[in-house]
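Engineer: generate coordinates for the sequence data below:
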Amino acid sequence: MRSNKYNIYCIVEARTGSTRLPNKVLKNLSSKDKVIDFVIQNLISSKIDKKKIILALPKNKKNNELQRYIKIKFNLNIFRGNEKNVYKRVFDCCKKYKIKNFLRITADNVFLDPILINQAIKFYNKNKLKYLSTRTMEHTDKWIDTSDYNEGSSIEIINFENYKKVKKLVCRKDYEYPTWHLFSNPKFFKLSKFSLINEYKKAISKKNLKKIRSTLDTKEDYNFLLKIVNELNLKPGKNNLLKIVKNFKKVEKYLSINKNINKKIAYKIISKRN
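Structural biologist: Residues are numbered from 1 along each chain as shown. Have a look, this model is predicted:
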């Protein structure tokens, strides 16, 4: 019988050493569930083969606890690599597993719905793309298009051959943005934007969707996530963002909690670095 699983890898970048909110991926969002539980279970609930989900962690003692937690609870593949040079960590991971195409996400994005993941992969495969993104166009001034998605719904699907082409361009100032040299060159790499899926369109306007900051960078973000997880009884592995947008009036009162967080925009940060 033919498997209905997608033949694509997923690389999840995760770490405990965040400067703005240390150990954030192991913080609880409910009495039973941690941040990393939401991130991983969302992927397991999608059509990605569990054997092809890889956690790419920094190779240092600080992340040993995170590795143990993931191994014991989920028994997923874990790759340990360079902490500072995220490009190299992802590159070495792809080389080890002989990856041709991969979905890249970060553990900051707590509510990546399985329906969003599935439809993005389906669109990538159907159109034989080399690069697909929901939000990286917001991190460069080279795209004409803007994202349809909120902060916290960042997905990239990447062809490894293209990823390899920028290896010599990577330098210290862009280490933390491993796909910077791809998404900042849209004409050269024929980059594709993934538009808002119908399920979200029917539930909410794009304007209101983009008011919801569901990424996790700061204490304020964490407090916001706690509020809406409790308000809507959100569970890992469910279409939680869809539930949020369908209940926008219930969560709107909490939007001010993390409304004024300074956004990390790649091209602005990179341009300031020596």
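Engineer: contacting residues for the residue at minimal distance from the centre of the chain?
Structural biologist: The centroid of the chain falls nearest to I105 when counting by CA atoms, centre = their mean (2.9 Å). By CB atoms under 8 Å, 6 or more residues apart in numbering, I105 lies in contact with 10-13, 39, 43, 112, 154-156. Bear in mind the C-beta positions are built from the backbone N, C-alpha and C, glycine included.
Engineer: try it again with 10 Å
Structural biologist: With contact taken as CB atoms under 10 Å, 6 or more residues apart in numbering, I105 is in contact with 10-14, 39, 42-43, 112, 117, 153-156.
Engineer: helix, strand or coil: sort out it for me.
Structural biologist: Three-state assignment for I105 (DSSP: H, G, I helix; E, B strand; the rest coil): strand.
Engineer: which residues does it form a beta bridge with?
Structural biologist: With DSSP bridges as the criterion, I105 is bridged to V12.
Engineer: tell me the spacing between it and K227.
Structural biologist: 23 Å (CB to CB, to the nearest Å).
Engineer: equivalent analysis for T140, please.
Structural biologist: T140 sits 32 Å away from K227, going by CB to CB.
Engineer: between these two, which is the more surrounded one?
Structural biologist: Counting neighbours by other CB atoms under 10 Å for T140 and for K227 shows that T140 has the greater number, 20 against 16.
Engineer: list the contacts for the more buried one?
Structural biologist: Per CB under 10 Å, 6+ apart, neighbours of T140: 177, 180, 182-186, 191, 265-268, 270.
Engineer: what of T16?
Structural biologist: Residues in contact with T16 (CB under 10 Å, 6+ apart) are 22-26, 36, 57-58, 60, 62-67, 107.
Engineer: give me the element Y177 is part of.
Structural biologist: Using DSSP states H and E, Y177 maps to neither a helix nor a strand.
Engineer: what sits against it?
Structural biologist: Neighbouring residues of Y177 by CB under 10 Å, 6+ apart: 86-87, 136, 139-140, 170, 183-184, 264, 266-267, 269-270.
Engineer: next, L196: phi, psi?
Structural biologist: Main-chain dihedrals, L196, degrees, to the nearest 10: phi -60, psi 130.
Engineer: err, K24, not the other one
Structural biologist: Per-residue torsions, K24: phi -60, psi -30 (degrees, to the nearest 10).
Engineer: for the protein, what spans make up the strands?
Structural biologist: 9-13, 53-58, 77-81, 101-106, 131-133, 156-159, 192-193 (DSSP state E).
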